[in-house]
Structures are given as structure tokens and as C-alpha cells.
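Chemist: Curious how this folds, go ahead:
(chains A and B)
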Amino acid sequence: MVEVTLWGSLSAAAGGQSKLDIEAKDIRELFRKLAEQYPAFEPLIDRGIAVAIDGTIYRDTWSKELPPGAEIFLLPRLAGG
Amino acid sequence: MNFDPRYSGRSFSSVGTRPIRPDGVDKVTGRARYGADFNMAGQLVGRVLRSPHAHAVIRKIDTSKAEKLAGVKAVITAADLPDLTDGDAAMYDILDNCMARKKALYDGHAVAAVAAIDARTARQALKLIEVDYEVLPHVTDVDEAMKHSAPLINDAIFTEGLEEKPVKPSNVYKRTQYGHGDVHQGFAEADMIVERSFKTEQTHQGYIEPHACVASVNPDGTADLWVCTQGHFVYRQHCAQLLGLEASKLRVTSSEIGGGFGGKTHVWAEPVALALSRKAGRPVKLVMTRDEVFRASGPTSATSIDVKIGARNDGTITAAEATLRYSCGPYAGMWAEIGAMTAFACYKLENVKTVGYEVLVNRPKTAAYRAPSAPMAAFAVESAVDELAKDIGMDPVDFRIKNAAQEGTRASYGPVYGPIGIGPTLEAVKNHPHMKAPLKQNQGRGMACGFWFNFGGQTCTDLNIGMDGSVSLAVGTVDVGGSRASLSLVAAEELGIDYSQVKAVVADTSSLGYNDMTDGSRGTFSSSMATISAARNAIKVLRERAAQMWDIPVDDVVWEKGHAVAKGEKHGNLGKLSLKEIAAQSGKTGGPIAGHSELVADGAGVSFATHICDIEVDPETGSTRVIRYTVVQDAGKAVHPTYVEGQYQGGAAQGIGWALNEEYIYGKDGRLQNPGFLDYRIPVCSDLPMIDTQILEIPNPNHPYGVRGVGETSIVPPLAAIANAVSNAVGVRMTHIPMSPPRILAALEAEREG
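Modeler: Below you'll find the predicted structure:
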């Protein structure tokens, strides 16, 4: 079980909750379960969500493991110049 | 990904040296081929007809007269680029931006295009195209566009991110919010509060090379595109989707690039050139003029930002708040959101709140510009921080050091930081001789900090070893800032050979797997990771081949300093085998020797910089001159320090132009008044002092060598550092960028009048 913190605009997709407890071993499973439990997440995941694990931002490595006790933070998927 | 990207703390032989750049001779002798330097047999000239109106319904376009003109081979409108975006709103916006469909949304919006046998005929044909416009009211100012009375640009936009879904459309596409703690409580605890509003005007990336491409669509559905771009694989995806082509049948080759800075991450003219070629049945070259580049490509947002920061008398910030309004052009964007995320990222804050508003205006579609959105937010925040330090009576550097984020700090955008470099850059600035140098009359000194995320992404690299022992490295990230040199250094480091034995090229889209584009400061970060992985795979093959040559188990062979070495007492009489010796026998030991890598390079470390600027202001004319400028930035590990310094200097130079002169000026008619380098003043060499640099190396734990991106952060602090310097020079807080002479004079006059 990991605790996931949602950035401000994302909490609307989870019915106003800013923190969720999700049973997930990696980012792929996290996204799958988020979409199952909160269907409003699906288009947002398609549009792009990044996952910060203990402060390091992962945009595409969906196989990245979510260590127990790690801080998991969901952020918009950004681009640079 | 079977590759361990963790920082290893190794020592280096090649990485960190400064060899001559491999592309230098071609570039200074004119042999390098840029976007417009490519030609094909039977090639036509493409030209684009653009809207003279800022906002207008396109009632009808009559192309019949143009089509009848001798020498015209194709005329296209939006009808020739049907909507194939399948509900993808972002792609639809790109399509509409390439060729207006129902409305022209800004001065310069493409409405039709021609392909003709020469430029003269193409220009004549444009004049023969008749467009029936219904001119609509327009709005170009970000604050005006937010008013209820503003002309509505897109009646399908209902502001997202509000607690209640709005019942009326507006020009505000989205509201976003970041932060933590309780800012009301924090401000109540403050002894001193600074609250100000700031504005920044729209600027262009100002790349010297205009957008240029040659497109050739063949009757069998295959196509070629030669183009100046930051990401040819992304261009392939976008063009294929917009044109209905199969991506694998569209080969895109990237030319040398004369600057991009984010502006060449978008397709603009390329789908148009492909559509013209498809209709004409011949190759088409399309080169944008400078006027077109300004009017119809790439500018950054104009902004309007309110900042409020409170602190105790001991210098501890108790609360920080900002509202950021960013223009997006006429399409949805997330520019204010990035500003809201980056605004306070340098600081350790218990109570922080930022709100961003994405605002549609009748200006060109906003594009990324080097650490997009961060410089404007930093200008507002760092100006207020400087003022607050002064009000409290603290040195501005000490004030920032006291409040700087550190490992374990919760970032204002959410997560907790790992190892970061803001503190060390501030300490380096505090101890830098520049801070102690005397100033003369009418001169002022300012400093400021900046933050950028940095990104990685999908990356593919091939490393091929020739039979003569030379190494060719094929990468898919376009070299916009010297990555061919840095990646060659990395390959040499891993293989244990000399840099001169490695030649790096940027491969076309048919020769290599997909690569994300060179943006987000990812070129060297990502492709060096893939190069290390590819080199290690090649070393595995080299060891196997050496084992064959010696007829011993491969487990007994190790790779040391460019040689295979047989380990163990029973192999004591075997001499080393060099890479060259193994390569020479490759035909008899299993064929070509290569290493490949396909990976997602994630974990790019965030980056911080602190800049110092001395400026002299003429109080009679308001003219300014930068006297001295110093950049201190964390690079993680500088692979090729000269290029890193160049990135630092380039970001500072662009920031100086943005801070002091550059500005899109629109007339009341909504038309851009200064679409050329005579009236849109970017700094040239004679405007600038030598920009000093100091590279700090705080290793990124998520890269084998500790590399962080370096391309973007250097443009974040300059607006604020220069504004602080000017404010200190004239004794008036400057709140509007650019600080052009008229604006400085106006501020001085307002101060005199109280």
C-alpha cells in the first residue's frame, strides 16, 4: 500500500481527495488502479501524468517500483524548451 | 530497461575535457547544411498566405485565379488538410494553427499556401487568392482578455479547474493551484510583507535560422522531409498524423539547427509543405521569412503576476503567494501552470500558494522558450524577495541563503527534494569577487536565483565499431548545443579509447528507433545514458570476440582502458587485445561489432542557478548597459565544460535581451508592429560584456556520471537579476519587463511625481 498525493487540480478527479491509499507495486499498476477506482483519471493519464518518487520525477518509466514508505506525488506531465 | 542509471562516483579520462567541437569547421566555413540548404530535383517553392486580421471569420477562399497562373503547381487551404486528429484536442489545435479552418485567430495565421516553379510566381499567386473575411473584435492583452467584456476567442472554452463548472465560455482556459500550509496564518506571523504586481511582455526565441524544410511526397505513399527541428521523430509523428501517412513511410532528416530554444519543438510549416508536395506531385521547399517567424511561430507568453511575500524580522519567510496570468495565444496551454509550479521552487516555505490562469489572446500560439514560463515567475518572485530583504535590512544573498530549499525540503510544487544545488550556488555567489567589486555612479548590482525541472525521455542510440577500430555513434536527439561532442566523450570514456576515434551523427527517423525531441535540457542527459548503455553492450560483444580469438571462456575476459584482458594465472602469457585488434578480426569472429540501447531516461535532476548583474543606467535617456554578468549553476557533471559554459552564457544573453529590449508590440488593429530584427532588438556581441561562469557539480544520483541538464536554467534568473540591478541603480522598483528606455524614464518620472 502506498500513499499517493495529488496535485491541486488532480484532486477533483478523486472526488476532492488530495491523498489516496493505493495497493500498487509500480507506476503501471498505480495508474491502472487509479483509473479503475476513479474513472475520471483515465483521460488525465492519457493526457500525461508524471510521478515523483521521493522527489525524483518519472514521466515515462511505468515499470518504476514504488518503494514502501516512499513519498509518491502525482504531477502534470510537463515539457521543456 | 536492463540498465542501472545510478551515479557511480567514478573518475574520468575523457569526460570533463574540452576537445575541439566536431561541427565547428563546417559551421564557420559555411559547409554545414541547415534547413534551407537542401535541394531536390524538380523542387518547387512554397509560400504561405497569412491573415492580416487578428480575429476574423473566414467566410470564403477563392483560389481559382491563383491556380490558373502559369507556373503554379498547387494551391492548398484547410480543405487539403482534413481533420484526422480523431478527437485529440491538442493535435487539432496544431492542425488549426498550421492552416486556419473557420477563423483566423491572429495576425499572421496561415489561411492558404501555394507551390510554384519560383518565388516570384509563388508571390504573385498569393496575391490572386481572394479571402472573404468577417473581421471580429480582438484582444491581445492578457489582463484585458480575462475581462467579461473581452471578445470571446473560442466559444467552446469553459474554464477548467474551478470548483463549479462555469455556465458561460470565457478566454480563461484553465485555473491551476499549487502549494501547502496556510498562507493566511503565515502572513499573520510576518513582521514585513511585500506585495506587488508585475508584467512581462511577449518575446520570441529569436533563433537566427528561420523555419525551413523540403518535403517530398511520392505517389506510393512514402515521403521524405528534410527539416530544421529540435525533434525529427516527433515531427514525423505529428506530420504523419496530420497528413494521414504511415509514420514508418515518412523519413524525416534533421538538418543542422541555427537555434531552437523550444521554438522548434512545434510543427508549423512542415505539414503545409507536405500537403503542397502531395498535391503538386513534386518536392516543395518552404522557408519562412523573418516576418513570418515573428508573426506566426513560437513566442513565449506575455504575463501579469501578483506576488505577496511575508517574513519575520529575523529573515524567515512565513508565507508566499502568487497569482500568475499567462497568455497562450488562441489555443489552450499550460504555461501559467508551469509558472505556478516553478515560482517559489528555490525556497523552503511552510506556507505557499500559487494560482495560474491560462489566458487565450489573439496572438500566435505560445511555444516553449527555454525553461518555459519560469523566467517570468522568477522575475516577479525574485524582485519581491529582493525588496523584502531590503525592507528587513538583510543582505539579499544572506536572506536567500536563510530561506533556500535544501535536501528534504518540500518543494512549493509538491514533492520533497533530494540532493539539490540552490544553497551551493548562493554560497558561491556570496563568496564571488563580483559581489565585492566597487560600483560607479548610476550603476547598480542585482542578483537572483532560478529553478528548472529538467527532463529525460525516450532515447535510442546505436554504437558501431568499424573494422579499423573507429567508432560511429548514431543518436536520435538533435544536436542543438554540442551533444555530438559530449556524447563522443561519453563513448570514448566507456570504451576506454581516445575521443578522436569516435564520430557521432544524428540519424534520420528510418535509421534509428524513436527518440523524444531535444527539449527539457534532455539532449546530453538522455543520450549520454543511452550511449553508456550502448557502449557497455558493445564491450560485452568485444569481450566475447576476444574470448574467441584466445579460445578461452568469456568470463575470463575483462575490459580495461580500451583493451580486452585475460584474467587468471592460466592466461598469464596472453597479451592485451586492443579494440582495434579485435575489430580487425570481427569478420572472422561473428561479423560486425555493435552496441545498441533503447531506454527511457528518467530521473533528470532538478537544476538551480544564481546570477549576478551590474548595470549602468543613463538617467537622462533611460538607456542601459550591462557592465558585468556572472552565472553560477549546478551542472551535476559537466561532460564538455566549454559547451556547458556556452549554455550558461547563451541563457544569460537571451535573458538580457528579454529583460531590457525585446517585446512584441501590437497596434490597436491587433497587428504586430515590429516583426523584424531592426525593430525587435535582440542583443548582439557589442551589447554584452564577457559573461563569466562558474560550474558547480552536485551529482545527479540518477545518472551514472551524475549529469544534470544545463540548457534551460540559465535563462531563469536574468530577468530578475537585471531588474534588481536596474532598480538598485535608479532607486525605483522596476515592475515591467522589458525595461526599455521609455519604460525606465516613465518609472523615474512617476517616482518624481510621487
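
Chemist: For chain B, what's its nearest residue on chain A.
Modeler: Nearest residue of chain A to chain B (Cβ to the nearest Cβ) works out as residue A:81 at 2.4 Å. (Glycine included, C-beta is placed from N, CA and C.)

Chemist: Up against chain B, what does chain A have?
Modeler: Within reach of chain B by Cβ under 8 Å from any Cβ of the partner chain, chain A has these residues: A:5, A:7-9, A:12, A:52, A:54-61, A:63-64, A:71, A:73, A:75-76, A:78-81.

Chemist: Mind checking which of these are buried?
Modeler: Among the residues of chain A next to chain B, the ones that count as buried by 16 or more other Cβ atoms under 10 Å in any protein chain shown are A:5, A:7-9, A:12, A:52, A:55-61, A:64, A:71, A:73, A:75-76, A:78-81.

Chemist: Show me where the stretch 501-650 of chain B has its strands.
Modeler: Assigned by DSSP state E, counting those that start in this stretch, the strands in the stretch 501-650 of chain B fall at B:502-506, B:557-560, B:563-566, B:577-578, B:593-601, B:607-617, B:624-634.

Chemist: Just send these back as TSV, with distance to chain A, mean neighbour count and mean pLDDT too.
Modeler: Formatted as TSV, the strands of the stretch 501-650 of chain B follow (distance: least, Cβ to the nearest Cβ, whole Å; neighbours: other Cβ atoms under 10 Å in any protein chain shown; pLDDT from 0 to 100):
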stretch	distance to chain A	mean neighbour count	mean pLDDT
strand B:502-506	19	21	97
strand B:557-560	28	17	98
strand B:563-566	33	20	98
strand B:577-578	37	20	98
strand B:593-601	4	22	97
strand B:607-617	11	28	97
strand B:624-634	15	24	98
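
Chemist: OK, now which residue of chain B is nearest to chain A?
Modeler: Counting by Cβ to the nearest Cβ, chain B gets nearest chain A through residue B:262, at 2.4 Å.

Chemist: Help me confirm that that residue is found in a strand?
Modeler: No - counting by DSSP: H, G, I helix; E, B strand; the rest coil, residue B:262 is not found in a strand; it is coil.

Chemist: Got phi/psi on it?
Modeler: Dihedral pair for residue B:262: phi 100, psi -30, per degrees, to the nearest 10.

Chemist: Residue B:708 looks like it's in a strand, true?
Modeler: No - assigned with three-state DSSP, residue B:708 falls outside any strand and is coil.

Chemist: Who are the contact partners of it?
Modeler: By Cβ atoms under 8 Å, 6 or more residues apart in numbering or on different chains, the contact set of residue B:708 is B:454, B:521, B:525, B:604, B:605, B:606, B:607, B:634, B:635, B:636, B:637, B:700.

Chemist: looking at the residues you listed, which has the most residues close by?
Modeler: For the contacts of residue B:708, the largest number of neighbours (other Cβ atoms under 10 Å in any protein chain shown) sits with residue B:525, at 32 neighbours.

Chemist: What count of nearby residues applies to residue 20?
Modeler: Using chain A. Residues near residue A:20, counting by other Cβ under 10 Å: 21.

Chemist: actually chain B
Modeler: Neighbour tally, residue B:20, other Cβ under 10 Å: 10.

Chemist: helix, strand or coil for it?
Modeler: Going by three-state DSSP: residue B:20 is coil.

Chemist: any low-confidence regions in chain B?
Modeler: Scanning chain B with the threshold set as pLDDT under 70 gives B:1.

Chemist: ignore the last one, chain A
Modeler: For chain A, no range has pLDDT under 70.

Chemist: Which residue ranges of it form helices?
Modeler: Applying DSSP state H to chain A gives helices spanning A:27-37, A:41-47.

Chemist: closest to residue B:289 out of those helices?
Modeler: helix A:41-47 (35.0 Å; Cβ to Cβ).

Chemist: For the spatially closest residue to residue B:281 that is not a sequence neighbour, which three-state class applies?
Modeler: The spatial neighbour of residue B:281 that comes closest, neighbours along the chain excluded (Cβ to Cβ, 6 or more residues apart in numbering or on different chains), is residue B:219 at 7.2 Å. Recorded secondary structure, residue B:219: coil (three-state DSSP).

Chemist: correct me, but residue B:219 touches residue B:280?
Modeler: No - look at residue B:219 against residue B:280 with Cβ atoms under 8 Å: they stay out of range, at 11.9 Å.

Chemist: Show me which of these two is the more surrounded one.
Modeler: residue B:280 (21 against 7).

Chemist: contacting residues for that one?
Modeler: B:44, B:73, B:74, B:115.

Chemist: same deal with residue B:153?
Modeler: Contacts for residue B:153 were tallied using Cβ under 8 Å, 6+ apart; they are B:55, B:105, B:139, B:145, B:171, B:330, B:360, B:361, B:362.

Chemist: Setting the sequence-adjacent residues aside, check what's closest to the residue lying farthest from the centre of chain A.
Modeler: Distance from the centre of chain A peaks at residue A:81, with 24.2 Å (Cα atoms, centre = their mean). Leaving aside its chain neighbours, residue A:81 sits nearest to residue B:262 (2.4 Å; criterion: Cβ to Cβ, 6+ apart).

Chemist: Now do the contacts for that neighbour.
Modeler: Residue B:262 neighbours (Cβ under 8 Å, 6+ apart): A:80, A:81, B:205, B:230, B:298, B:367, B:368, B:369, B:370, B:372, B:519.

Chemist: what's the longest helix seen in chain B packed up against?
Modeler: Criterion DSSP H: the longest helix present in chain B is helix B:523-550. Counting by 3 or more Cβ pairs under 8 Å, 6 or more residues apart in numbering or on different chains; DSSP states H and E, the packing neighbours recorded for helix B:523-550 are strand B:457-465, strand B:471-475, helix B:483-495, strand B:557-560, strand B:563-566, strand B:577-578, helix B:579-584, strand B:593-601.

Chemist: Make TSV from these and add distance to residue B:390 to it.
Modeler: Formatted as TSV, the helices and strands packed on helix B:523-550 follow (distance: least, Cβ to Cβ, whole Å):
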stretch	distance to residue B:390
strand B:457-465	42
strand B:471-475	48
helix B:483-495	41
strand B:557-560	58
strand B:563-566	62
strand B:577-578	64
helix B:579-584	61
strand B:593-601	42
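
Chemist: Any idea which of those gets closest to residue A:39?
Modeler: Nearest of those (Cβ to Cβ): strand B:593-601, 26.8 Å.

Chemist: Verify the contact between residue B:636 and residue B:696 for me.
Modeler: No - counting by Cβ under 8 Å, residue B:696 is not a contact partner of residue B:636; they are 9.1 Å apart.
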